[in-house]
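1. no sequence on this one, just coordinates:
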């Protein structure tokens, strides 16, 4: 269960439950990528507690997964568009024969 940190006002998560990452599912590609860059920068800078580092790592993993979902979807759309173009080209060449 998450607890409110009295000094910073941020949510502190118990190690067993981890952070609530439900908001990641609603991010666009650019938003997820920007947040991922921020998470990586914060982890690389250090100076965070173990719990903060774990929370950042988990968020980073969720953000990376979200970016992959967007990229996979874009790849599928491109593949479908190419397949439609090839079908039209084949149909056009068949009708000319």
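-> Thanks, I have it. Computed from a predicted model, the values in this text were never measured in an experiment.
2. now the longest helix seen in the chain: mean pLDDT?
-> In the chain, assigned by DSSP state H, the helix with the most residues is helix 50-96. Mean pLDDT, helix 50-96: 94.
3. name the helices or strands packed onto that helix?
-> Packing contacts for helix 50-96, counted by 3 or more CB pairs under 8 Å, 6 or more residues apart in numbering; DSSP states H and E, involve helix 29-45. Where C-beta positions appear, they are placed from N, C-alpha and C, glycine not excepted.
4. tell me the angle of the helix it packs on relative to helix 50-96?
-> On the basis of axes from the mean of the first three to the mean of the last three CA atoms, to 10 degrees, helix 29-45 is oriented at 140 degrees to helix 50-96.
5. and helix 29-45, average pLDDT?
-> Rounded mean pLDDT across helix 29-45 is 97.
6. what comes up buried for that helix?
-> Applying a neighbour-count criterion of 16 or more other CB atoms under 10 Å, one finds 32, 33, 35, 36, 39, 42 buried in helix 29-45.
7. wait, doesn't the second one sit right on residue 68?
-> No. If you go by CB atoms under 8 Å, residue 33 and residue 68 don't touch, sitting 10.9 Å apart.
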